[in-house]
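Peer 1: my questions are about this predicted structure, shown below with the sequence.
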Amino acid sequence: MTFGARLHAAIAERGSFCVGIDPHAALLQDWGLADDVAGLERFALTTVEAVAPHVSVVKPQSAFYERFGSRGIAVLERVIADSRAAGALVLLDVKRGDIGSTSQAYADAYLDPASPLASDAITVSPFLGFGSLDPIVDTARRHDAGVFVLALTSNKEGPEVQHARVEDGGTVAGRMLDHLRHLNADAEPLGSFGAVVGATIGATTEDLAFNGPVLAPGFGAQGGTVADLRRIFGTNPAVLASSSREVLRLGPDPAAMRDFVRRTNDELRS
Ligand SMILES: O=c1ccn([C@@H]2O[C@H](COP(=O)(O)O)[C@@H](O)[C@H]2O)c(=O)[nH]1
């Protein structure tokens with residue numbers, strides 16, 4: 001089953017709220033944990049246990065694990081394995097992208113099921129040229145994985161690059177969406193190649209119909225609301241509203257995190 005088909009089914013069953021598992025140093029402190037590998041592990045696995053059985057997708061942010069070196073990566077491997085065992089799809093937020101030959105190594109690291117970090121999908125940066133992602137796209141197709149390409153990111157600095165005009169008069173972001181439209185052509189019920197479009201972008205004239213999923217970060221702590229999602233995406237069911245700190249601040253009480261996830265899923269459905 002392709003990633004797009006798995007995601008389509010997961011959203012129908014568990015809703016479209018995506019929880020980011022981002023162990024910020026400040027959150028470890030708020031939870032009464034030390035900023036070390038043991039604290040990281042307790043934080044991350046408590047969150048997985050609380051939310052992964054209730055959401056369609058979890059999104060660990062690799063940077064927060066990488067900062068602890070190889071032992072942090074070992075925790076990330078547990079997060080991925082335990083989340084999948086709890087029935088959630090794992091979208092690893094790594095924002096990789098490089099020349100093609102190196103992109104292949106990233107694809108092998110994150111999308112080949114033989115890798116200890118194998119995830120259902122990853123985020124990638126297309127700013128070395130969309131074609132530099134070909135090895136990642138091909139590997140994703142081979143292993144029924146997904147790829148989310150940065151298009152209109154949630155941060156205020158993004159427009160400098162993403163709104164820039166290309167030779168046909170469109171924007172860089174529009175060009176990325178065109179590539180995704182092409183990759184997802186004819187996919188049923190949903191393509192496996194998604195776009196990252198922040199819940200904070202305000203109004204856009206870009207054509208967001210590309211037959212693939214959308215990751216919408218910026219929901220929650222960065223100010224994005226359900227009303228923003230409706231305004232930007234209408235009723236598109238394949239939009240993952242993604243929030244990290246807003247959920248994680250409710251820990252370490254698992255029930256508080258779980259109940260928030262359930263309420264948010266209900267709100268997104270209504
Ligand atoms: O455009 C983007 C792309 C990715 N992110 C990531 O999402 C989370 C947001 O965390 P919050 O605590 O909900 O603000 C974080 O991992 C970012 O790296 C993004 O914010 N915007």
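Peer 2: Noted; the coordinates are in hand.

Peer 1: hey, where'd the strands end up in this structure?
Peer 2: 17-21, 57-60, 89-96, 121-124, 146-152, 193-197, 214-216, 239-243 (DSSP state E).

Peer 1: for residue 58, give the beta-bridge partners.
Peer 2: residue 19, residue 90 (DSSP bridges).

Peer 1: who touches it in this structure?
Peer 2: Contact partners of residue 58, counting by Cβ atoms under 8 Å, 6 or more residues apart in numbering, are 18-21, 48, 51-52, 79, 83, 88-91. The C-beta positions use only the backbone N, C-alpha and C, and glycine is treated the same way.

Peer 1: that older thread, dump the strands of the chain to JSON lines, plus distance to the ligand and mean pLDDT.
Peer 2: Converted to JSON lines, the strands of the chain look like this (distance: least, Cβ to the nearest ligand atom, whole Å; pLDDT from 0 to 100):
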{"stretch": "strand 17-21", "distance to the ligand": "5", "mean pLDDT": "98"}
{"stretch": "strand 57-60", "distance to the ligand": "7", "mean pLDDT": "99"}
{"stretch": "strand 89-96", "distance to the ligand": "5", "mean pLDDT": "98"}
{"stretch": "strand 121-124", "distance to the ligand": "7", "mean pLDDT": "98"}
{"stretch": "strand 146-152", "distance to the ligand": "7", "mean pLDDT": "98"}
{"stretch": "strand 193-197", "distance to the ligand": "5", "mean pLDDT": "98"}
{"stretch": "strand 214-216", "distance to the ligand": "7", "mean pLDDT": "98"}
{"stretch": "strand 239-243", "distance to the ligand": "5", "mean pLDDT": "98"}
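
Peer 1: circling back to that earlier point, let's see the ChimeraX selection covering just the buried ones among the contacts of residue 58.
Peer 2: Provided next is the ChimeraX selection string for whichever of the contacts of residue 58 are buried by 16 or more other Cβ atoms under 10 Å:
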select :18,19,20,21,48,51,52,79,83,88,89,90,91
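
Peer 1: now do stretch 74-90: everything it contacts.
Peer 2: With contact meaning Cβ under 8 Å, 6+ apart, stretch 74-90 is reached by 3, 6-7, 10, 14, 21, 37, 40-41, 44-45, 48-49, 51-53, 55-60, 62, 65, 68, 92, 116-121.
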